[in-house]
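Enquirer: Could you look at this predicted model? Sequence included:
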Amino acid sequence: MWTSRVRVLTAIPLLAVLAALSLSACGERMDGTVDERVPSALVRVAIDQSDPERLLRYYFGGYVSPRPADPFEAGILSERAGRLYVDRETLDEHHPGASDALADVDGDGTIRWEEFEAFIDRSYHAARSAPDSVAEWFDEAGFEAGDADWMHVEVDGVMTTARRHVYVRKADVRAALEQFDDRGGQLAYPIGTTFFGRHVVEGRLVETTIMHKRADDQWDFFVYDADGGIADSTSTPPRALKSPVQCVGCHFGDKLLEPERSFPGTVRPGPHGPRALYVDDELRDAVVVRYFDEHRRRSDDVLGLYGTLFVSRLRAERRAGTISDTDAALLDSLLL
């Protein structure tokens, strides 16, 4: 009788403790309301964007050390009761002092978009160990304008009124094409791929933009000024574009932009000047454009038509009888 009473009396507090632990772990009370008692190292991030988890995964993936990786797996980000949190302590373990830039300015206990954007402005370049000069990029990539190993696309578009000269290593475009079927009909560039965009006004280089494929299959975005020094944004009309925030906004979006939208056709000048891809007529291959539908699919967050133009060149060489056996085999594998 005595033993039975002891078991009943001790069981009740034990169940209460277990219930409390369960509520603390999941962050939600039994009535469905959110329990705000989260560890002090966690700060909530609530950014008013179309896909906040994707954006936070992208940005904080670049803060994972020693190589970019999934920030959820690294412990920098977590989800509790449908809310997203940053672990300040873990963030600092990867990049000491980075959490100091993550400021809750209005003191409401949540990092909003403006506060998060300020954090990126203050810490992104340091977190990504961005080279101070564009010359370092060129040396590392072995890049030189006019090098036959690099594909060159000349374009006037909506990003800037400057004439853009975009370069990407042909071997990286080829690698994306060779994996096209294995990737389920998606053009995905290999890690380490770099796009250089040299912006020219009246024959003078005014800035350089860079896209670089990092270890987590995401792209870094950087801008360098006319002197080759790193900059926070572009400087050419129609408006300055902040790097990386506004770069990501376009590349992650689904808006179709000219002149890629109308290719292989041409498009009239827009309110800020010409919109055109300056390519040989033989590269305006409608069959290839339809096959890849590259700009609309944006399968690797790349806005240009590099795979399309590369394959169109090979088809032109095949028609001319100058194609190599390797290139002919690539066209055969694509059924083109």
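Expert: That came through fine. Residues are numbered from 1 along each chain as shown.

Enquirer: give me phi/psi at residue 161?
Expert: Backbone torsions of residue 161, given as degrees, to the nearest 10, read phi -80, psi -10.

Enquirer: For it, list the residues it contacts.
Expert: Residues near residue 161 by C-beta atoms under 8 Å, 6 or more residues apart in numbering: 201, 236-238, 272-273. Every residue, glycine included, has its C-beta placed from N, CA and C.

Enquirer: When you filter the residues you listed down to buried only, what's left?
Expert: Buried members of the contacts of residue 161, scored by 16 or more other C-beta atoms under 10 Å, are 236, 273.

Enquirer: the helices in the stretch 1-150 of the chain, which residues?
Expert: Here the stretch 1-150 of the chain has its helices, by DSSP state H, counting those that start in this stretch, at 2-26, 52-61, 71-74, 88-94, 113-127, 134-141.

Enquirer: could you pull out the strands for this protein?
Expert: In the chain, the strands defined using DSSP state E lie at 42-45, 77-80, 83-87, 110-111, 150-156, 163-169, 194-201, 204-213, 219-225, 230-231, 276-277.

Enquirer: Which strands and helices lie in contact with the second one?
Expert: Going back to what we said before, that points to strand 77-80. helix 52-61, helix 71-74, strand 83-87 (3 or more C-beta pairs under 8 Å, 6 or more residues apart in numbering; DSSP states H and E).

Enquirer: Pipe the ones you listed into TSV and attach mean pLDDT per row.
Expert: Formatted as TSV, these follow (pLDDT from 0 to 100):
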stretch	mean pLDDT
helix 52-61	96
helix 71-74	98
strand 83-87	97
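
Enquirer: Now render the ones you listed as TSV, adding distance to residue 259 and mean neighbour count.
Expert: As requested, the helices and strands packed on strand 77-80 are exported to TSV (distance: least, C-beta to C-beta, whole Å; neighbours: other C-beta atoms under 10 Å):
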stretch	distance to residue 259	mean neighbour count
helix 52-61	27	19
helix 71-74	36	18
strand 83-87	38	20
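
Enquirer: Compare these and give me the one nearest residue 165.
Expert: Smallest distance to residue 165 across these (C-beta to C-beta): 27.0 Å, for helix 52-61.

Enquirer: can I get the CA coordinates of the closest one in PDB?
Expert: Extracted C-alpha coordinates of helix 52-61, given in PDB (Å, rounded to 0.1, in the frame of the first residue of the first chain):
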ATOM      1  CA  PRO A  52      13.500  33.400 -46.700                       C
ATOM      2  CA  GLU A  53      14.900  29.900 -46.000                       C
ATOM      3  CA  ARG A  54      16.600  29.800 -49.400                       C
ATOM      4  CA  LEU A  55      18.100  33.200 -49.000                       C
ATOM      5  CA  LEU A  56      19.400  32.600 -45.500                       C
ATOM      6  CA  ARG A  57      20.800  29.200 -46.600                       C
ATOM      7  CA  TYR A  58      22.600  31.000 -49.400                       C
ATOM      8  CA  TYR A  59      24.000  33.900 -47.300                       C
ATOM      9  CA  PHE A  60      25.000  32.000 -44.200                       C
ATOM     10  CA  GLY A  61      26.400  29.100 -46.300                       C
END
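
Enquirer: beta partners of the most centrally placed residue in the chain?
Expert: Compute the mean C-alpha point of the chain, and by C-alpha atoms, centre = their mean the closest residue is residue 219, 3.9 Å away. Note on residue 219: beta-bridge partners residue 213, judged by DSSP bridges.

Enquirer: Could you verify my assumption that residue 64 touches residue 94?
Expert: Yes - because the distance of 5.7 Å satisfies C-beta atoms under 8 Å, residue 64 is recorded as touching residue 94.

Enquirer: Now the common contact residues for these two.
Expert: Common contacts of residue 64 and residue 94 (C-beta under 8 Å, 6+ apart): 74, 76.

Enquirer: what about those two, which has more around it?
Expert: A direct count of neighbours by other C-beta atoms under 10 Å for residue 64 and residue 94 places residue 64 higher, at 23 against 18.

Enquirer: residues contacting the more buried one?
Expert: 70-71, 74, 76, 94, 216.

Enquirer: Could you do residue 278 as well?
Expert: Shown in contact with residue 278 (C-beta under 8 Å, 6+ apart): 154-156.

Enquirer: how much space is there between it and residue 174?
Expert: Counting by C-beta to C-beta, to the nearest Å, the gap from residue 278 to residue 174 is 22 Å.

Enquirer: Please report the distance of the closest residue to residue 272 other than its chain neighbours from residue 66.
Expert: Excluding the flanking residues, the one nearest residue 272 by C-beta to C-beta, 6 or more residues apart in numbering is residue 238, at 4.6 Å. Distance, residue 238 to residue 66, using C-beta to C-beta: 39 Å.

Enquirer: and residue 107, what pLDDT?
Expert: Listed pLDDT for residue 107 reads 91.
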